[in-house]
Structure formats: C-alpha cells, structure tokens
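J.: Next input, structure requested:
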Amino acid sequence: MGMKRLSLVLSLLVAPISFAQDDSASRYESTVLCEVRGVSIVGVKEGEHVSYSGMNELPEKGDQMRFTYEVNASDSSRSARVSLKSRTEDGDKSLLYALIIGIGEGENVVRQSDSSITLEEGDREIVGSVANTVAARSSVSELWLTRYYKADWQGIYSTSRLPGNYVYVATLRCQQSEDRLSAFVERAIEVFATD
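T.: Alright, predicted model coming up:
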C-alpha cells in the first residue's frame, strides 16, 4: 500500500514536468531592440498645421523600443502576439499590443503565399513575410518593419491621438546578430496556415 501511494505521488509530480516540456516546445518568443532614429509629430490647431518637437511619454531620437513577438500552439488553440514598448524612467511604456487567437482551423487567417501570412481579429492585425516584412496594427498604432540587410531591419512606428489631434511617427533601426524576425514569421505560418 505504501509503495503504491509513493508511485502515485511520484507520477503526479513528474507528469506536470513532462507536460510543461511539451508546451514549451510549441512556443516561440523573442525580442528585438530598435533604436529610434528620428521623430516627426504633426498636429492641427485651430485649423492650422502644427509641428511639434516632442511629446511627453513618447520616445525621442536615440531612445530604445523593445519589439517582442510570440507564437503559441496547443491542441485547442493558437495565438500570435506582438508588443512594442519604450523604456522610460518609470519602467516600460506600452506603445502597441496586438494579440490574435485562433481556435478553429483557418480562423483569423488570410494566407497570401507559402512565405507570408496575415492574421486579423477585430481592430488588430499581424502581417509577416519571411523575405522582408513584419507589421502589426492595433486601433491607434501601427508598426512596419522591413529588412534592409541580412538580419538588420528598419521600420516606422506611428500612432494618432484624439482629442490631442496629432500624429506621431518614429523611424527605427533594429539590428540583430541573427534574423529572429524571419523565424517569427516562419513559426506563425507553421502554426496558423491551413494546408
């Protein structure tokens, strides 16, 4: 009786470890740091065009943005998430967040070719091409990244604010030692594509 109880306890302790290992194999996550190379802020005030030199809480030239992306797959669902955050004195500030969850086969997926995919849900969109593009959109923000040399990417982040009546645009340079952005797109195609 004591040996059966010990076996049961050991199997309950070991089982979650093996399941956790299976779950981690179905997840791809990475982060790329991007340097803000330039900023433009344009608004309208009393019907006239206005240019601003900076805005509180938005990154300035020379600041860093952190682009994090993740693809998860399980038997019951799959998801893709991207986020863009800036580093501030008070911690990280979220600039863009897009999460797309697919439960049924083909749900939220527009597949354009074997090397590109578009995922949509509500006002959120994630677009990727293995060759040269990663993009994300939420209700008021957009991020477009394109490869310009091997593992180096460039991009534009934009956001509009109402009632502030302005548009903020930042140009980005995202240099990597290895091309993790293409790997993200490959994983999203693998998880979401319906063949």
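
J.: Packing partners of the longest strand belonging to the chain?
T.: When the chain is parsed with DSSP state E, its longest strand is strand 27-45. With contacts taken as 3 or more C-beta pairs under 8 Å, 6 or more residues apart in numbering; DSSP states H and E, strand 27-45 sits against strand 48-52, strand 64-73, strand 152-161, strand 166-174, helix 180-192. Backbone N, C-alpha and C define where each C-beta goes, glycine included.

J.: let's see 7 Å
T.: Judged by 3 or more C-beta pairs under 7 Å, 6 or more residues apart in numbering; DSSP states H and E, strand 27-45 is in contact with strand 48-52, strand 64-73, strand 166-174, helix 180-192.

J.: low-confidence ranges in this structure?
T.: 1-25, 104-107, 111-112, 162-163, 194-195 (pLDDT under 70).

J.: Count the residues that sit near F67.
T.: 26 (other C-beta atoms under 10 Å).

J.: so who does the spatially most central residue of the chain touch?
T.: Closest to where the C-alpha atoms of the chain average out (C-alpha atoms, centre = their mean) is V82, at 1.6 Å. Neighbour list for V82: Y69, A98, I126, A136 [criterion: C-beta atoms under 7 Å, 6 or more residues apart in numbering].

J.: possible to save the residues you listed as TSV with distance to V32 and neighbour count?
T.: As requested, the contacts of V82 are exported to TSV (distance: C-beta to C-beta, whole Å; neighbours: other C-beta atoms under 10 Å):
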residue	distance to V32	neighbour count
Y69	8	26
A98	16	26
I126	15	27
A136	13	27
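
J.: So which of those residues are in strands?
T.: Filtering these for strands - DSSP E - leaves Y69, A98, I126, A136.

J.: for G164, helix, strand, or coil?
T.: Following DSSP: H, G, I helix; E, B strand; the rest coil, we place G164 in the coil state.

J.: Pull the number of nearby residues for F192.
T.: F192: 25 neighbours (other C-beta under 10 Å).

J.: Apart from its chain neighbours, what residue comes closest to it?
T.: V109 (5.0 Å; C-beta to C-beta, 6 or more residues apart in numbering).

J.: From what I see, that neighbour and S116 are in contact.
T.: No. At 11.6 Å, V109 and S116 do not qualify as touching, with contact defined as C-beta atoms under 7 Å.

J.: send the alpha carbons of stretch 59-68 over as PDB?
T.: Only the C-alpha atoms of stretch 59-68 are listed here, as PDB (Å, rounded to 0.1, in the frame of the first residue of the first chain):
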ATOM      1  CA  PRO A  59      10.100  58.100 -27.400                       C
ATOM      2  CA  GLU A  60      12.600  60.600 -28.800                       C
ATOM      3  CA  LYS A  61      15.500  60.200 -31.200                       C
ATOM      4  CA  GLY A  62      18.100  57.900 -29.600                       C
ATOM      5  CA  ASP A  63      15.700  56.100 -27.300                       C
ATOM      6  CA  GLN A  64      15.200  52.400 -27.500                       C
ATOM      7  CA  MET A  65      12.000  50.500 -28.200                       C
ATOM      8  CA  ARG A  66      11.600  46.800 -27.500                       C
ATOM      9  CA  PHE A  67       9.700  44.700 -30.000                       C
ATOM     10  CA  THR A  68       8.500  41.400 -28.500                       C
END
